[in-house]
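Student: build me a structure from this.
(one chain, ligands or ions: 2)
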Amino acid sequence: MSELLVTGGQVLRPDLTVERADVLVSQDSGDIVAVDEPGALDGDDELDASGGLVIPGLVNAHTHVAMTLLRGLADDKPLDAWLQEDVWPVEAELTAEDIRAGAELGLIEMIRSGTTALSDMYFEVEEIADAVDQAGMRAVLGFTAVTVGKDDEAARSDLRESLDVARKLDGAADGRIRTTFQPHSLTTVGEDYLREFVPEALSDDLSIHLHANETRDEVTPIVDEHGQRPLAYADDIGLLDGDTYVAHGVHVDDSEIDLLAETGTGVAHCPASNMKLASGMAPVQDLLDAGVTVGIGTDGAASNNDLDMFDEMRDAAMIGKLAADDASAVDAGTVVEMATQNGADLLGFDSGRLEAGTNADLAVIDLDAPHLTPAHDLVSHLAYAVHGSDVRHTVCDGEVLMRDRSVEVFNERAVRDRASEHAAALVERASD
Ligand SMILES: N[C@@H](CCSC[C@H]1O[C@@H](n2cnc3c(=O)[nH]cnc32)[C@H](O)[C@@H]1O)C(=O)O
Ligand SMILES: [Zn+2]
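Tutor: Ligands and ions are numbered 1, 2, ... in the order given. Here you go, the predicted structure:
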């Protein structure tokens, strides 16, 4: 029996109070054994958290982790043009090895900035699963199906693969990997395909993750074609469910907010991507007030352009206030809950709360920095002042992924070099 004591720090509790405490985690079960006052607990090994704040590992509720290879390749365009003119032509050239290289790079970036769980949408998912396994992180993965621009056979094969991957990889990496069925969005997957394949996913109890209501250009064609708001259309197909979460949910009206709340459908809010692509401002406070579970995601590194969830919390608070025209909306405690507890609830992991019996997923933040001085309110600091680079240690499932800012699960230099090489060769191929 091996137990690790995270000792000497302050600890963020599930009710967002902060107290001096030690955290004992079991490396066998991967659970938190106890959170108790300093000196009350003993472990076989120690992780020094003195001068630090121990928080639950952050949960990135929507990303495309391998898109790190496309970081900075095409900026300053709206979603539709960005995807069609820049991203999809390059993605068409991606090999399995590229995706592995990009995923490893992205996972290192996440570990460095205190993220221990992610929800990903992409392809070559076995590569991403292997990278997550090696990283020691927790993830919800899936193969994203697109049918626009494809013949019937290719379209069906995409949806079939999404079902197959969700069935096959669920429970991989000793249970740290779960899966979702993933129609890319309501406009990029045709109605007939949704009506055929969604019932199969539901009858198999698969969770569903899709992009929805991200831009106005996605809403209008659905209203024109179906005479319904997108989420009413999605509900009619059966897509909205207690185990479904939609990415973005920017252009949702009151009736759609009610529908999300009634069906228990969650939202992965992606503030930086929504600002960068000028997609719009999600009504996050309204969603929360209606009882919708809202997590926070970075989206891919090509529309962000980093995977730092601290940036994302600050962005969520800022844009949430603008959207509500109210400085008290989406406050500091709310964004911290969104990035921890709510994200874990969306992904279906028993993480996001530092208490006995939950997953031992945590990060230790070094508070010894000018930008974190003075320390009136550490929850305020988490939302508004901490940077990903302030993370000193990262632990997932009881294992130390980063100790004293040194990533233990990958050779970081080699991963960065390999990602740079793959990115350069990819761009070269795509320009031929
Ligand atoms: N199998 C699909 C690939 C889809 S993967 C998921 C896709 O989501 C794309 N993506 C990234 N960010 C966004 C976003 O904000 N909205 C919609 N799609 C996005 C990403 O580039 C990737 O192509 C195919 O045959 O094209
Ligand atoms: Zn996305």
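Student: only C-alpha atoms from now on, for both contacts and neighbour counts.
Tutor: Fine.
Student: get me the contact residues on this structure for ligand 1.
Tutor: By the rule CA under 6 Å from any ligand atom, the part of the chain lying against ligand 1 is 87-88, 121-123, 144-146, 299-300.
Student: of the residues you listed, buried ones?
Tutor: Applying 16 or more other CA atoms under 10 Å to the residues of the chain next to ligand 1, the neighbour count classes 87, 121-123, 144-146, 299-300 as buried.
Student: ok, back up a step: of the residues of the chain next to ligand 1, closest to residue 175?
Tutor: residue 121 (18.5 Å; CA to CA).
Student: just give me the neighbour total for residue 193.
Tutor: Neighbour count for residue 193, taken as other CA atoms under 10 Å: 15.
Student: need the phi and psi values for it.
Tutor: Dihedral pair for residue 193: phi -70, psi -40, per degrees, to the nearest 10.
Student: now the spatially closest residue to it that is not a sequence neighbour: how far from ligand 1?
Tutor: Nearest in space to residue 193, with sequence neighbours left out and distances taken as CA to CA, 6 or more residues apart in numbering, is residue 156 at 7.4 Å. In this view, residue 156 and ligand 1 are 11 Å apart by CA to the nearest ligand atom, to the nearest Å.
Student: state the helix or strand in which residue 156 lies.
Tutor: Using DSSP states H and E, residue 156 sits in helix 152-169.
Student: run through the bridge partners of the residue of the stretch 101-250 of the chain at minimum distance from ligand 1.
Tutor: Here the residue of the stretch 101-250 of the chain nearest ligand 1 is residue 122; by CA to the nearest ligand atom that distance is 3.8 Å. As for beta bridges, residue 122 partners with residue 143 under DSSP bridges.
Student: what score does it have for pLDDT?
Tutor: pLDDT for residue 122: 98.
Student: so how far is residue 409 from it?
Tutor: For residue 122, the distance to residue 409 (CA to CA, to the nearest Å) stands at 23 Å.
Student: break the chain down into its domains, please.
Tutor: 3-56+353-407, 58-347 (automatic domain parsing).
Student: closest to residue 415 out of those domains?
Tutor: When the domains of the chain are compared (using CA to CA), the closest one is domain 58-347, at 6.1 Å.
Student: that older thread, how many neighbours does the residue nearest to residue 193 have?
Tutor: 18.
Student: kindly report the same for residue 237.
Tutor: 17.
Student: that one: what's it in contact with?
Tutor: If you count contacts by CA atoms under 8 Å, 6 or more residues apart in numbering, residue 237 has them with 194-195, 198.
Student: sec struct for residue 28, please.
Tutor: When classified by DSSP: H, G, I helix; E, B strand; the rest coil, residue 28 comes out as coil.
Student: from residue 184, how far off is it?
Tutor: Between residue 28 and residue 184 the computed distance is 37 Å (CA to CA).
Student: my guess is residue 334 is in a helix, correct?
Tutor: Yes - read with three-state DSSP, residue 334 is one of the residues of a helix.
Student: quick one, grab the pLDDT at it.
Tutor: On the pLDDT scale, residue 334 is placed at 98.
Student: tell me, how many residues neighbour it?
Tutor: 21.
Student: likewise residue 150?
Tutor: Per other CA under 10 Å, the neighbour tally for residue 150 reads 11.
Student: same deal with residue 126?
Tutor: Residue neighbour count, defined by other CA under 10 Å, stands at 18 for residue 126.
Student: check which helix or strand it maps to.
Tutor: Assigning secondary structure by DSSP H and E places residue 126 in helix 125-135.
Student: so what's residue 252 up against?
Tutor: 213, 282-283.
Student: just the pLDDT for it.
Tutor: On the pLDDT scale, residue 252 is placed at 98.
Student: before we move on, what about the one 5 residues further on?
Tutor: Per-residue pLDDT puts residue 257 at 98.
Student: just residue 432 next, same as before
Tutor: At residue 432, pLDDT is 82.
Student: ok, now residue 164?
Tutor: 98.
Student: now the domains of the chain in a markdown table, with distance to residue 415?
Tutor: Converted to a markdown table, the domains of the chain look like this (distance: least, CA to CA, whole Å):
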| stretch | distance to residue 415 |
| --- | --- |
| domain 3-56+353-407 | 11 |
| domain 58-347 | 6 |
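Student: report the distance from the helix or strand residue 402 falls within to the chain centre.
Tutor: Using DSSP H and E, residue 402 maps to strand 399-403. Distance of strand 399-403 from its chain centroid, counting by CA atoms, centre = their mean, to the nearest Å, is 20 Å.
Student: gap between residue 143 and residue 183?
Tutor: Residue 143 is 9 Å from residue 183, by CA to CA.
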